[in-house]
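1. Quick one: sequence and predicted model below, then my questions.
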Amino acid sequence: MAGFACAVVRATDVPTALNWLANRTRHIADGFDEEEAPLSLLASRQRVGGYATALHEDHELADLEELEDELFRFARIVESTPDLRRALVDRDLDVAARQALADQLLRGKVSAPALSLIGYVVAVGRARDLVGTLDFLVEQTAKARGWRIARVRAAEAVEPAQAERLSESMAALAGAPVELQVIIDPTLLSGAVIQIGDLQVDASARGKIDALREHLVPGGWEDSKVGAGPARATRTTSETEGAV
């Protein structure tokens, strides 16, 4: 906790941050339950990231790989299940009720670290950013085991040989081993959009058409013209069977 505090505040604020940590820890030890204050998007992810960092330190690399996979799969389930997503992000519902729903869905199906981390995200993360926070934690968990995440939205399934070549290219760019997360999105028409960190490469037909539209076509693009449909998610590095 002290190391994380020193990493995320200005040097001149370190004594104040450590003093705050000491007081907060004392309150918890004395049985006082304090509600977490609402934070901005960045600060909220930073808070959740601090909890994840502490959790990572207690687990081996194999455990972190499993945790990363579980977080990824749960994020895709929430993203693709509107009723579940609405329930988990409904700020009119008591936090304990939302945590209980996540616990009911996941207990016995994911590891204890995943259950703990997802419960913390539901409790103190920004509700509307639930999926984004889970994806943020997937990247952070990958970094904790020395890997980077490359998100690939592809118009069609990526063959193993293509995935291997892409992973090698991304690794050379990132300076670390890269794990691909592939989402099949037929609305791209062909090609793929690749994102790793702040870098995004749009090599899709849809991207090229949109670029042409900006120069040639007045007005907006109508999704109905390209047969837009729901995307489905897959994982290139591990089996997704047995998902929640």
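-> All right, it came through fine.

2. Touching stretch 89-107 from outside, list them.
-> Outside of stretch 89-107, the residues within contact range by C-beta atoms under 8 Å, 6 or more residues apart in numbering are 74, 84, 87-88, 114-115, 118-119, 122-123, 127-128, 130, 244. To be clear about C-beta, it is placed using only N, CA and C from the backbone, and glycine gets the same treatment.

3. how's the chain carved up into domains?
-> Taking automatic domain parsing as the domain assignment, the ranges for the chain are 40-144, 148-235.

4. who wins for neighbours among the contacts of stretch 89-107?
-> Within those, neighbour counts (other C-beta atoms under 10 Å) peak at Ile118, which reaches 27 neighbours.

5. Please report the distance of that one from Leu101.
-> For Ile118, the distance to Leu101 equals 11 Å [C-beta to C-beta, to the nearest Å].

6. now do Gly119
-> From Gly119 to Leu101 the distance is 10 Å (C-beta to C-beta).

7. for Arg151, same thing?
-> According to C-beta to C-beta, Arg151 stands 27 Å off from Leu101.

8. buried set for the helix ranked longest in the chain?
-> When the chain is scanned for its longest helix (criterion: DSSP state H), the result is helix 61-80. Under the neighbour-count criterion of 16 or more other C-beta atoms under 10 Å, helix 61-80 has 63-79 buried.

9. just checking, what packs against it?
-> Under the contact criterion of 3 or more C-beta pairs under 8 Å, 6 or more residues apart in numbering; DSSP states H and E, the helices and strands touching helix 61-80 comprise helix 82-89, helix 112-124, helix 130-144, strand 232-235.

10. Need the CA coordinates for it. PDB is fine.
-> In PDB, the C-alpha atoms belonging to helix 61-80 read as follows (Å, rounded to 0.1, in the frame of the first residue of the first chain):
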ATOM      1  CA  LEU A  61       2.300 -16.300 -12.400                       C
ATOM      2  CA  ALA A  62       0.100 -19.200 -13.200                       C
ATOM      3  CA  ASP A  63      -2.600 -17.800 -10.900                       C
ATOM      4  CA  LEU A  64      -2.300 -14.400 -12.600                       C
ATOM      5  CA  GLU A  65      -2.800 -16.000 -16.000                       C
ATOM      6  CA  GLU A  66      -6.000 -17.700 -14.700                       C
ATOM      7  CA  LEU A  67      -7.200 -14.400 -13.100                       C
ATOM      8  CA  GLU A  68      -6.600 -12.500 -16.400                       C
ATOM      9  CA  ASP A  69      -8.700 -15.100 -18.300                       C
ATOM     10  CA  GLU A  70     -11.500 -15.000 -15.800                       C
ATOM     11  CA  LEU A  71     -11.700 -11.200 -15.800                       C
ATOM     12  CA  PHE A  72     -11.700 -11.200 -19.600                       C
ATOM     13  CA  ARG A  73     -14.500 -13.800 -19.800                       C
ATOM     14  CA  PHE A  74     -16.600 -12.100 -17.200                       C
ATOM     15  CA  ALA A  75     -16.200  -8.700 -19.000                       C
ATOM     16  CA  ARG A  76     -17.400 -10.200 -22.300                       C
ATOM     17  CA  ILE A  77     -20.400 -11.900 -20.500                       C
ATOM     18  CA  VAL A  78     -21.400  -8.600 -18.900                       C
ATOM     19  CA  GLU A  79     -20.900  -6.700 -22.200                       C
ATOM     20  CA  SER A  80     -23.000  -9.200 -24.200                       C
END
